[in-house]
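S.K.: Provide a 3D model corresponding to the input given below.
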Amino acid sequence: MNEVKSRGVTRIFTRYTMASLLATGISQVVLLAMYWAWEANAMTASTIAFLVGAVPHFLLIRRWAWGNKGSAGRRAEIVAYVVVTAAGGALSVGITTVMDWLLDPLIDDRGWHAFGLVAAYLASGAPVFLLKFFALDRVFRRKTSATPNAPSDNQDNDTNTSTFQPHAA
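M.R.: Numbers count the residues shown, from 1 in each chain. Alright, predicted model coming up:
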C-alpha cells in the first residue's frame, strides 16, 4: 500500500514539475519579449510573465498532475492556488525588480540586462518550488472515493479517465 502511495506521489510530483517547467518557459519568453523587445519596465514585464504562466500551470496541475476534473472542490483549489502562487509570484516579481535596480548601473546593453532578469526570475522561483508543491498537494489531493488518482502513463482508458491522456516524454 505504501509503495502504491509512494508511486502516486512520485507521479504527481513529476507531472507537477513538468507543468511548472512548461509554465516557467512560457513566462520566460513573455518576460524577455516584454522587457527586451517591448521595453516594458521590469516590474510590469515580470508581473505579466508570471500571470501568463500561472493560467496554464493551474489547468495542467489540476487535471493532469492530480487528476481532478469537474467542479467538485474547484473553488478551494482556485483559492489555494491563487494564495500560494501569489506569494511565490510576489517574491519573484520583487526579486526581479530589485535585480533590475542592481543591474541598471552595471549593464548598459538591454539584451544582457534582460537575461540577467531572467536569471533572477528563475532563481527566485527555486526556493519556494517544494513548499508550493506540498501546500497545493494538501488541497488538490482528494480521497480516492471522491476523485480517481492521477492516471498513470500506462493506464488504459476506462470510466475513471478521460479519452485524452497526456503522456510524459
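S.K.: Helix or strand next in line after the helix or strand hosting Ala86, which one?
M.R.: Assigned by DSSP states H and E, Ala86 belongs to helix 74-103. Sequence-wise, the next helix or strand downstream of helix 74-103 (DSSP H and E) is helix 110-125.
S.K.: Mind checking what helix or strand follows that following helix in sequence?
M.R.: helix 129-140.
S.K.: By mean pLDDT, flag the weakest helix or strand of the protein.
M.R.: helix 110-125 (a mean of 81; mean pLDDT, DSSP states H and E).
S.K.: For the spatially most central residue of the chain, give its distance to Val79.
M.R.: Central residue of the chain (C-alpha atoms, centre = their mean): Ser20, 3.6 Å from the mean position. Distance, Ser20 to Val79, by C-beta to C-beta, to the nearest Å: 20 Å. From N, CA and C alone the C-beta is placed, and that goes for glycine too.
S.K.: tell me the angle of the least confident helix or strand of the chain relative to helix 74-103?
M.R.: 130 degrees (axes from the mean of the first three to the mean of the last three C-alpha atoms, to 10 degrees).
S.K.: May I see the buried residues of helix 110-125?
M.R.: Within helix 110-125, the residues scored as buried using 16 or more other C-beta atoms under 10 Å are His113, Ala114, Phe115, Gly116, Leu117, Val118, Ala120, Tyr121, Ser124, Gly125.
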